[in-house]
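Peer 1: make a model of this:
(2 chains)
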Amino acid sequence: QKEVEQDPGPLSVPEGAIVSLNCTYSNSAFQYFMWYRQYSRKGPELLMYTYSSGNKEDGRFTAQVDKSSKYISLFIRDSQPSDSATYLCAMSGNTGNQFYFGTGTSLTVIP
Amino acid sequence: DAGITQSPRYKITETGRQVTLMCHQTWSHSYMFWYRQDLGHGLRLIYYSAAADITDKGEVPDGYVVSRSKTENFPLTLESATRSQTSVYFCASRLTGGAGYGYTFGSGTRLTVV
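Peer 2: Have a look, this model is predicted:
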């Protein structure tokens, strides 16, 4: 069983839609939860970070962590064509020396 | 410019050859990492380094060698390249004690082993 599971999609939505991206994990020791965005042929860039459980909001983006269910989510409100990318979840224990990544969800926002 | 740079961007090599991928960062981040990205597997950690002369294995270290004589450089060497090492390789760095900052990634090296 993989440490982190992520639905690869692809996901296609109209501009302005609310997007929900999710990951599940198996390791209860994970404390740091991150979302990265990766454009084609580029390196991933950090989008959101959450420590332990709870919600975090940054503009149109909201990250949620439910440690009891081992489930994390990223919501994108008022999605834009520029949001078209692959979204990777990542998580780590307290040291942060090794992050485990999901396989990524490909998102296309259609104008 | 400040940042993390990888070279080369693209590389084609033959099976059995030794190849070195370079990674250079200008922030003096103590931690540096090498990941490979493959379809269906996502990003997997090869090796990481907590400081100069301190390295440790990740999830998939076999067939790779790293060194870190200077804080800013973290080269990755494939000692005898195999087709299964065809992949996109990403170098990353982060601050000491800054697990919450996440990584900053380079632009990647696309390696093809023929």
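Peer 1: now the most centrally placed residue in chain B. Its backbone dihedrals?
Peer 2: Nearest to the mean C-alpha position of chain B, by Cα atoms, centre = their mean, lies B:Trp34 at 2.9 Å. Main-chain dihedrals, B:Trp34, degrees, to the nearest 10: phi -120, psi 130.
Peer 1: surely it meets B:Phe90?
Peer 2: Yes. Under the criterion of Cβ atoms under 8 Å, B:Trp34 makes contact with B:Phe90 at 7.4 Å. From N, CA and C alone the C-beta is placed, and that goes for glycine too.
Peer 1: pLDDT on stretch B:18-29, on average?
Peer 2: Taken as a whole, stretch B:18-29 has a mean pLDDT of 94.
Peer 1: which parts of chain A sit against chain B?
Peer 2: Neighbours of chain B within chain A, by Cβ under 8 Å from any Cβ of the partner chain: A:4, A:6, A:32, A:34, A:36, A:41-46, A:49, A:51, A:88, A:90, A:92, A:94-99, A:101-104.
Peer 1: what does chain B have sitting close to chain A?
Peer 2: B:31, B:35, B:40-45, B:48, B:50, B:56, B:58-59, B:90, B:92, B:94, B:98-108.
Peer 1: and those, which are buried?
Peer 2: Neighbour counting with 16 or more other Cβ atoms under 10 Å in any protein chain shown marks B:31, B:35, B:42-45, B:48, B:58, B:90, B:92, B:94, B:99, B:101-108 as buried within those.
Peer 1: in chain A, what residue is nearest chain B?
Peer 2: Scanning chain A for the residue nearest chain B gives A:Gly96, at 2.3 Å (criterion: Cβ to the nearest Cβ).
Peer 1: surely that residue is in contact with B:Arg94?
Peer 2: Yes. Between A:Gly96 and B:Arg94 there is a contact under Cβ under 8 Å: 7.3 Å.
Peer 1: so which of the residues of chain B next to chain A sit within helices?
Peer 2: Nothing among the residues of chain B next to chain A maps onto helices, per DSSP state H.
Peer 1: low pLDDT regions in chain A?
Peer 2: Along chain A, segments meeting pLDDT under 70 span A:1.
Peer 1: could you list the low-pLDDT ranges of chain B?
Peer 2: Within chain B, the set of residues satisfying pLDDT under 70 comprises B:1-2, B:96-100.
Peer 1: now with 50?
Peer 2: Applying pLDDT under 50 to chain B flags no residue at all.
Peer 1: who touches A:Leu11 in this structure?
Peer 2: Going by Cβ atoms under 8 Å, 6 or more residues apart in numbering or on different chains, A:Leu11 touches A:Val19, A:Leu21, A:Thr105, A:Ser106, A:Leu107, A:Thr108.
Peer 1: and it, bridged to which residues?
Peer 2: A:Leu107 (DSSP bridges).
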